[in-house]
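Engineer: quick one, fold the following:
(one chain, ligands or ions: 1)
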Amino acid sequence: MLNMQTKYVVILGSLMSGLGKGVVTSSILKLLDFYGYKVLPIKFDGYLNYDCGTMNPYQHGEVFVLDDSSEVDMDFGIYERFLNRSLTGDLSITGGKLFSSITSKERKGEYLGETVQIIPHLTSEIIHRVEGIAISKSPDVLVIEVGGTVGDLENNYFIEAMRQLSLKHDVVFVNLTYIPELAAVGEQKTKPAQIGLRMLLQAGINPDFLICRTSSKLTQSAKEKLALFGNMEKEMIIDDPDLPTLYSLPLRFMEQGFDRLLISKLGLKQKDADAVKLDAWKSRVQRVVSPSRSTSIAIVGKYTSLRDSYASVKEALVHAGSAADSRVDISWVEASGLEGDGADMSALKSVDGIIVTGGFGTRGTEGMINALQYARENGIPCLGICLGMQLMTAEYARNVCAMKGANSSEFDSKSRYKVIDLLKSQRSVKDKGGTMRLGAQDCIIDRTSMVHGLYGRDVVSERHRHRYEFNNKYRRALSRKGLRIAAVTKDKKLVEFIEWPSGFGVGTQAHPELKSRLDDPAPLFVGLVNAAVQRHVRNDSSR
Ligand code: GLN
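Structural biologist: Predicted coordinates for the structure are as follows:
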């Protein structure tokens, strides 16, 4: 059974990575969503990892986790932040998944007698998966982002599969390219983009639209040249210039009529955009671009030299800033720089709020504990995320409950006070891939807690990715000294949120940043930013 109703947009990047293909894909999804079309993304990644779960955030950026516990490419974070919808792991198609399914089929004899090859077996596997999603989820449009750059060995089988897909279905191809502007010449140069186009033509694909990443708007003469070389109408050349926020890209696309052109190229019915949705987006973007207030937040982490490791935390602050009508200046603080007795805390002196982030391994954890102590003792609003919450517990145990050397057993297996310990169910786990406590989990919030005030609900669901937990042996001792257990799992077995007795200090075992969207910011981040704005105002007036 074929679903012939679903249309496809395929996005291919030329020349180099880092052009923002995820943002372009998300903006296209958002445009179609404004018009009420049911859309879904698919992401192809050529690497041979099954998923992103075992990748180092230093190399590949943040590992994004979905409700269904899939560990996927960080582009899924961009899709969800734009679309305001929770996605599923089957939309991530990696080389690892494809090859593992091909080899297991071959062993079962499903290709009996045949020589199993990239074409047609691997390409058919890709098409089969894509069509399977079209059948099971029946979207109006599937927007497919092909990871990598045209010409990479690792993504050429995906490109070939998409060429074959276009022989059976309505497929619109979008090529994202780069137009350099050399300061000395003062002219937008189209030659690299022409070379990119030629490579696509060689692969049998003539793109329908060319999106040009530029520093400023595309000139008419550049558009004319590109249209000529790309066998396209001039209107099909769309620019993607530097913008004050990535969330304004759908609006920039609309200014150029890309929405209507795309809808007509897809053969969909032209209709009016949903004015309420569109206006809400515009005003949220406006509050990101020119907010009326300001505040500063330090992100204390162990992967701060690669900002992509904390992409969702950074974006959650943008969303919360928009909700609080405040600019949020982020300062990145490497946790290992805060270590040792009498460590220099000056990086935290002038900020209005602190986030202690998630992570794995010992490096930097003592610096994080110092940062948490500094925040608690100086009344700086603070949010501890996952590892941050675990260390918040250790800091409180050490410095308020006199449990000297309290720690997580991940970092000190000999500690007398293992206030954070490995879950029983984790003790026998040997495999690394997909074996943590992962995905969306419900928890019950204590009605008298500050967290309840922020969420305004008794039950919340946030995403998880960790192996260690709050050690129940210490629940009573820590609560007696004022640390509030603000939320627990439904079976009451696991602690999910904690709070300091005074000021804004919240720790969560979950990763609330993973569910923050511009249209629906994460309550804990909004709470933190509001508390930080208030502190900023107070400090300003006392200066
Ligand atoms: N390393 C900790 C654990 O595994 C925290 C993980 C995290 O911050 N995501 O429990």
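
Engineer: which SS state does residue 492 fall under?
Structural biologist: coil (DSSP: H, G, I helix; E, B strand; the rest coil).

Engineer: not counting sequence-adjacent ones, nearest residue to it?
Structural biologist: Once flanking residues are discounted, residue 492 sits nearest to residue 444: 7.9 Å by CB to CB, 6 or more residues apart in numbering. Quick note: C-beta positions are derived from backbone N, CA and C, even for glycine.

Engineer: that neighbour - that's part of a strand, no?
Structural biologist: Yes. Counting by three-state DSSP, residue 444 falls inside a strand.

Engineer: report pLDDT for it.
Structural biologist: Per-residue confidence (pLDDT) for residue 444: 97.

Engineer: how many residues are close by the closest residue to the ligand within the stretch 101-250 of the chain?
Structural biologist: Relative to the ligand, the nearest point of the stretch 101-250 of the chain is residue 147 (24.0 Å; CB to the nearest ligand atom). A count of nearby residues for residue 147, using other CB atoms under 10 Å, gives 24.

Engineer: gap between the residue nearest to residue 492 and residue 486?
Structural biologist: Using CB to CB, to the nearest Å, residue 444 is found at 10 Å from residue 486.

Engineer: equivalent analysis for residue 408, please.
Structural biologist: Counting by CB to CB, the gap from residue 408 to residue 486 is 19 Å.

Engineer: can I get stretch 463-470 in PDB, CA atoms only?
Structural biologist: This file holds the C-alpha atoms of stretch 463-470, laid out as PDB (Å, rounded to 0.1, in the frame of the first residue of the first chain):
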ATOM      1  CA  ARG A 463      12.800  13.800  29.800                       C
ATOM      2  CA  HIS A 464      15.600  11.900  31.500                       C
ATOM      3  CA  ARG A 465      19.100  10.700  30.600                       C
ATOM      4  CA  HIS A 466      21.100   9.400  33.600                       C
ATOM      5  CA  ARG A 467      22.100   6.300  35.600                       C
ATOM      6  CA  TYR A 468      22.400   7.700  39.100                       C
ATOM      7  CA  GLU A 469      19.700   8.800  41.500                       C
ATOM      8  CA  PHE A 470      19.100  10.500  44.800                       C
END
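
Engineer: residue with max distance from the center of the chain?
Structural biologist: Among the C-alpha atoms of the chain, the one most distant from their mean position (CA atoms, centre = their mean) is that of residue 113, at 43.7 Å.

Engineer: so which helix or strand takes in it?
Structural biologist: Using DSSP states H and E, residue 113 falls within no helix or strand.

Engineer: quick one on the thing from earlier: can you pull the contacts of the residue nearest to residue 492?
Structural biologist: 458, 459, 487, 488, 489, 490, 492 (CB atoms under 8 Å, 6 or more residues apart in numbering).

Engineer: got phi/psi on residue 496?
Structural biologist: phi -110, psi -40 (degrees, to the nearest 10).

Engineer: state the distance from it to the ligand.
Structural biologist: Residue 496 sits 13 Å away from the ligand, going by CB to the nearest ligand atom, to the nearest Å.

Engineer: surely that residue meets residue 489?
Structural biologist: Yes. Look at residue 496 against residue 489 with CB atoms under 8 Å: they come within range, at 6.2 Å.

Engineer: which residues do those two both contact?
Structural biologist: Counting by CB under 8 Å, 6+ apart, the residues touching both residue 496 and residue 489 are 441, 443.

Engineer: just give the number of residues close to residue 115.
Structural biologist: 6.

Engineer: correction: residue 349
Structural biologist: For residue 349, the count of nearby residues is 11 (other CB under 10 Å).

Engineer: for the residue of the stretch 251-400 of the chain found nearest the ligand, give me its contacts.
Structural biologist: Per CB to the nearest ligand atom, the residue of the stretch 251-400 of the chain with the smallest distance to the ligand is residue 358, at 2.7 Å. Under the criterion of CB under 8 Å, 6+ apart, the contact list for residue 358 reads 385, 386, 387, 388, 465, 466, 511.

Engineer: rerun at 7 Å
Structural biologist: Contacts for residue 358 (CB atoms under 7 Å, 6 or more residues apart in numbering) come out as 385, 386, 387, 388, 511.

Engineer: I'd like those residues as a markdown table, with neighbour count and pLDDT appended.
Structural biologist: Shown next, in a markdown table, are those (neighbours: other CB atoms under 10 Å; pLDDT from 0 to 100):
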| residue | neighbour count | pLDDT |
| --- | --- | --- |
| 385 | 30 | 98 |
| 386 | 23 | 97 |
| 387 | 28 | 97 |
| 388 | 25 | 98 |
| 511 | 24 | 98 |
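
Engineer: tabulate those in a markdown table, adding columns for distance to the ligand and secondary structure.
Structural biologist: Converted to a markdown table, the contacts of residue 358 look like this (distance: CB to the nearest ligand atom, whole Å; DSSP: H, G, I helix; E, B strand; the rest coil):
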| residue | distance to the ligand | secondary structure |
| --- | --- | --- |
| 385 | 7 | strand |
| 386 | 3 | coil |
| 387 | 3 | helix |
| 388 | 7 | helix |
| 511 | 7 | coil |
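
Engineer: so what's residue 94 closest to, chain neighbours aside?
Structural biologist: residue 45 (4.7 Å).

Engineer: what count of nearby residues applies to that neighbour?
Structural biologist: Residue 45: 25 neighbours (other CB under 10 Å).

Engineer: what are the phi and psi angles of it?
Structural biologist: Phi and psi for residue 45, reported as degrees, to the nearest 10, are phi -130, psi 130.

Engineer: what bits of this structure have low per-residue confidence?
Structural biologist: Scanning the chain for pLDDT under 70 picks out the ranges 1-3, 543.

Engineer: for it, which residues are neighbours of the ligand?
Structural biologist: 358, 359, 360, 386, 387, 410, 465, 466, 467, 468 (CB under 6 Å from any ligand atom).

Engineer: residue closest to the middle of this protein?
Structural biologist: residue 77 (2.6 Å).

Engineer: can I get the contacts of residue 444 in a markdown table with distance to residue 267 and neighbour count?
Structural biologist: Output for those, formatted as a markdown table (distance: CB to CB, whole Å; neighbours: other CB atoms under 10 Å):
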| residue | distance to residue 267 | neighbour count |
| --- | --- | --- |
| 458 | 47 | 12 |
| 459 | 43 | 11 |
| 487 | 49 | 27 |
| 488 | 52 | 19 |
| 489 | 48 | 15 |
| 490 | 47 | 11 |
| 492 | 54 | 11 |
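
Engineer: which one of those sits closest to the ligand?
Structural biologist: residue 489 (15.0 Å).

Engineer: quick one, phi/psi of the closest one?
Structural biologist: Reported as degrees, to the nearest 10, the phi and psi values for residue 489 are phi -70, psi 170.

Engineer: just residue 68 next, same as before
Structural biologist: According to degrees, to the nearest 10, residue 68 has phi -80, psi 10.

Engineer: gap between residue 175 and residue 154?
Structural biologist: In terms of CB to CB, residue 175 sits 18 Å off from residue 154.

Engineer: ok, now residue 424?
Structural biologist: Counting by CB to CB - residue 424 and residue 154 are separated by 40 Å.
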